[in-house]
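Peer 1: sharing a model prediction with you, sequence too.
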Amino acid sequence: MTTSIALIRADGATARAHAEGRHAWWLYVEEILGHQRTPFFWCEPDGLTAATTTAVVSTTENLDHTAAERLHEWTEQGGTLLIVGAPGTLGERFGLDIVTTLGDSHVTFASNEIWTQRPPVALHALGGVGYRLESGTDSLGTWADGSVAIIRRSVGNGVLLALGPDLWQSVVRIQQGFPVHADGEPAQDGTAPIDDGLLKAEDGMALSLEDDRAIPPGEPELGDDYEHTYPPPSAVPVFHEPHADHWRSVLHQLLWESTASRGKVLPWLSYWPAGIPAIAHMSHDADINDVEDGLAALVAFAEADVKVTWCQVHPGGYGRDLHRAITLAGHENALHYNAMDDSDLATWGWPQMRAQYAWAQAVTGEEDIVSNKNHYTRWEGWTEFYSWCEQLGIKIDQSRGPSKQGTVGFPFGTAHVTFPMGDLDAGNRLMNVLNLPLHTQDLAWAGHVAVRDVVLEAALAHHGVAHFLYHGPHLRKRPLTRASCLEVAGLARERGMQWWTSREINSWERARRTVDVDVEQREGSWHVRARSGAHLTQAAILLPVPDGSVVEEFELDGRGSLDTVVRHGRQFLELAVDLEPGVLAWTVRIGASPAGR
């Protein structure tokens, strides 16, 4: 039998939530597991068998007592049951004592062997319940009020994991924020004056400017005389940890441990090609459309040896010669949608974006423009903008990022490319446009250079994308900013990160989303199979390594290679293979080996 995660069906809960005008946050479980290509299937509680090691209850809404009894019985017989959020009828059946309900708080994670990538900060959570710690129960995390956030308990021959925080809502809200209809509240220390009269992504941030930021390592504390001027007079508190990525990692760690404890192998597909731990991305916004600025940027990017995503902004344009030079240099032409009211087309709306897209196609000669970044990170509403992208053919958007010194880093909690959840009018479906987060812009001018390593290290730790934005005027007029462009290019490469354009990131992510991986364990061997709908060069299938084991023999019916890597703090076998549409299979023999052999 192959190892897959069972997701308990919640169709009734979803229908009820939508009928009541509420978001069905639990639907996002498919995106979280889908991004990682973790094998899973939906089933009713009666469909669980002894062959399934782990089941996830993404919501207990509409879960009746009969279903609760069946889930308890299955767990007693040796399964691991993971409950996310309020336990509902399962609380009574498993004897869970809820002591508090929380709307917006933080969770601190206990030191425990289950955490191979323990969050170093208290994670921001939106929604959830707190438990009382009972005898025979392990606390894996606590809420800010002291109640237990995450419980592990033996139940007969099985294990109950109760994750009190609403992980689904937390990830979506942190990544996508709240609907933007007015300015957000500025930081009390003056480092993030987002109340500037311009609606933008930061105005809807779910993360806290007061609780979720820190001064970059090695920098002095913020002085009382700080002013938000350019260049920054000093380093400022930044969003130093990607909270949404940490929540995703928490889920994956629980799933890996629950399957490994039963001697099972839960495979997944690495986010990037074999041997690449993370990716770096550089974008350029053509603000002002000055030819000298554009030429200076071309020279700087050539020296950095980086192909960038060049976001073209209306009105104006560089002229035919420079647009041609940008394309010939290998840079990606993208849209820089302008809703800053500086021309008749530069307002917020579908007709205006559609017209600007056609303009960008005309001035660049690029018909297939797949990427966009909104000028000044402009944003209104929640997800309506993504529907415009879908209609235009924009496949990947990079508008969600900072515009102020104190919002750089991870203001939307992620270094990963993900599909956003749609609003209620879209049935909370996944929108068909990838979100590529923006982390900082114009180092040594718009952002202090100290944030550079914060972004690189966190993106590396979570195996995501580190995104640095530059503007031509600053590359031409600010020597320190130009130097920072070349420096960050080299520092990313030193960490093993490759520089990809937005188009390349989009193509890779969409191709890997067509891949399904499974492992059938037989005596002394693992039979790995991959079904792919696309060509992927050096795709990396990751297989958890049992403690104390080494590879003794590797057999396959095609080309490939095997290596050991660490991802999310855990050791994996990395099976590097070239995938093509269809099914491919390999055999891995692995066994325990005495130390020093």
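Peer 2: Perfect, I can see it now. Numbering: from 1, shown residues only.
Peer 1: got the contact list for residue 117?
Peer 2: 246, 249, 253, 461, 568-570 (C-beta atoms under 8 Å, 6 or more residues apart in numbering). In short, each C-beta sits where N, CA and C put it, glycine included.
Peer 1: make it 7 Å
Peer 2: With contacts defined as C-beta atoms under 7 Å, 6 or more residues apart in numbering, residue 117 is in contact with 249, 253, 568-569.
Peer 1: chain neighbours aside, what residue packs nearest to it?
Peer 2: Leaving out its chain neighbours, the residue that sits closest to residue 117 by C-beta to C-beta, 6 or more residues apart in numbering is residue 569, at 3.8 Å.
Peer 1: coming back round to it: which of the contacts of residue 117 fall within helices?
Peer 2: With DSSP state H as the criterion, helices contain 249, 253 from among the contacts of residue 117.
Peer 1: between the contacts of residue 117, which is nearest residue 49?
Peer 2: Relative to residue 49, the closest of those is residue 253; by C-beta to C-beta it sits at 25.0 Å.
Peer 1: who are the contact partners of the closest one?
Peer 2: Contacts of residue 253 (C-beta under 7 Å, 6+ apart): 114-117, 568.
Peer 1: wait, a strand at residue 141?
Peer 2: Yes. Counting by DSSP: H, G, I helix; E, B strand; the rest coil, residue 141 is part of a strand.
Peer 1: please name the bridge partners of it.
Peer 2: residue 109, residue 150 (DSSP bridges).
Peer 1: thinking it is in contact with residue 106, fair?
Peer 2: No. Here residue 141 lies out of contact with residue 106, judged by C-beta atoms under 7 Å, at a distance of 10.1 Å.
Peer 1: who's more crowded, those two?
Peer 2: residue 141 (23 against 20; other C-beta atoms under 10 Å).
Peer 1: residues contacting the more buried one?
Peer 2: By C-beta under 7 Å, 6+ apart, the contact list for residue 141 reads 107-110, 149-150.
Peer 1: from residue 151, how far out is it?
Peer 2: Distance of residue 141 to residue 151, given as C-beta to C-beta, to the nearest Å: 9 Å.
Peer 1: now do the end-to-end distance for stretch 391-409.
Peer 2: Terminal residues of stretch 391-409 are spaced 31 Å apart (C-alpha to C-alpha, to the nearest Å).
Peer 1: about what we covered before: out of the contacts of residue 117, who has the most neighbours?
Peer 2: residue 249 (23 neighbours).
Peer 1: rewinding a little: quick check, nearest of the contacts of residue 117 to residue 102?
Peer 2: residue 249 (21.2 Å).
Peer 1: could you verify my assumption that the closest one touches residue 568?
Peer 2: Yes. Using C-beta under 7 Å, residue 249 is in contact with residue 568, at 5.4 Å.
Peer 1: CSV for the contacts of residue 253, including secondary structure, distance to residue 387 and pLDDT?
Peer 2: Shown next, in CSV, are the contacts of residue 253 (DSSP: H, G, I helix; E, B strand; the rest coil; distance: C-beta to C-beta, whole Å; pLDDT from 0 to 100):
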residue, secondary structure, distance to residue 387, pLDDT
114, coil, 40, 95
115, coil, 39, 97
116, coil, 39, 96
117, coil, 35, 98
568, coil, 33, 98
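Peer 1: max pairwise distance over those residues: which two?
Peer 2: 114 and 568 (12.5 Å).
Peer 1: and stretch 283-298, what's buried?
Peer 2: Under the neighbour-count criterion of 16 or more other C-beta atoms under 10 Å, stretch 283-298 has 283-287, 289, 293-298 buried.
Peer 1: for these, which one is nearest residue 274?
Peer 2: Among the buried residues of stretch 283-298, and counting by C-beta to C-beta, the member closest to residue 274 is residue 283, at 26.1 Å.
Peer 1: what's the helix or strand for that closest one?
Peer 2: Of the helices and strands defined by DSSP states H and E, residue 283 is found in strand 279-285.
Peer 1: what's that strand packed up against?
Peer 2: On a contact count with 3 or more C-beta pairs under 7 Å, 6 or more residues apart in numbering; DSSP states H and E, strand 279-285 meets strand 309-312, strand 465-471, strand 498-499, helix 502-512.
Peer 1: quick one: low-confidence parts of the chain?
Peer 2: For the chain, the stretches with pLDDT under 70 are 1, 547-558, 591-597.
Peer 1: got the domain ranges for it?
Peer 2: Domain assignment for the chain by automatic domain parsing gives 5-173, 283-509, 514-592.
Peer 1: could you check how far the last one is from the centre of its chain?
Peer 2: Averaged C-alpha coordinates place domain 514-592 at 24 Å from its chain's average position (C-alpha atoms, centre = their mean, to the nearest Å).
Peer 1: identify the residues contacting the residue nearest the centre of the chain.
Peer 2: For the chain, the residue nearest the mean C-alpha position is residue 416 (3.2 Å; C-alpha atoms, centre = their mean). Going by C-beta under 7 Å, 6+ apart, residue 416 touches 35, 245, 464.
Peer 1: swap in residue 171?
Peer 2: Residue 171 touches 28, 32, 244, 247-248, counting by C-beta under 7 Å, 6+ apart.
Peer 1: mind checking which of these are in helices?
Peer 2: Among these, the residues falling in helices (DSSP H) are 32, 244, 247-248.
Peer 1: so which of the residues you listed is the most crowded?
Peer 2: Busiest of the ones in helices among the contacts of residue 171 [other C-beta under 10 Å] is residue 244, holding 29 neighbours.
Peer 1: so that residue sits against residue 175, correct?
Peer 2: Yes. Residue 244 lies in contact with residue 175 (C-beta under 7 Å); the separation is 5.0 Å.
Peer 1: coming back round to it: out of the contacts of residue 416, who's nearest residue 421?
Peer 2: Distances from residue 421 to those, taken as C-beta to C-beta, are shortest for residue 35 (12.8 Å).
Peer 1: I am finished for the moment; much appreciated.
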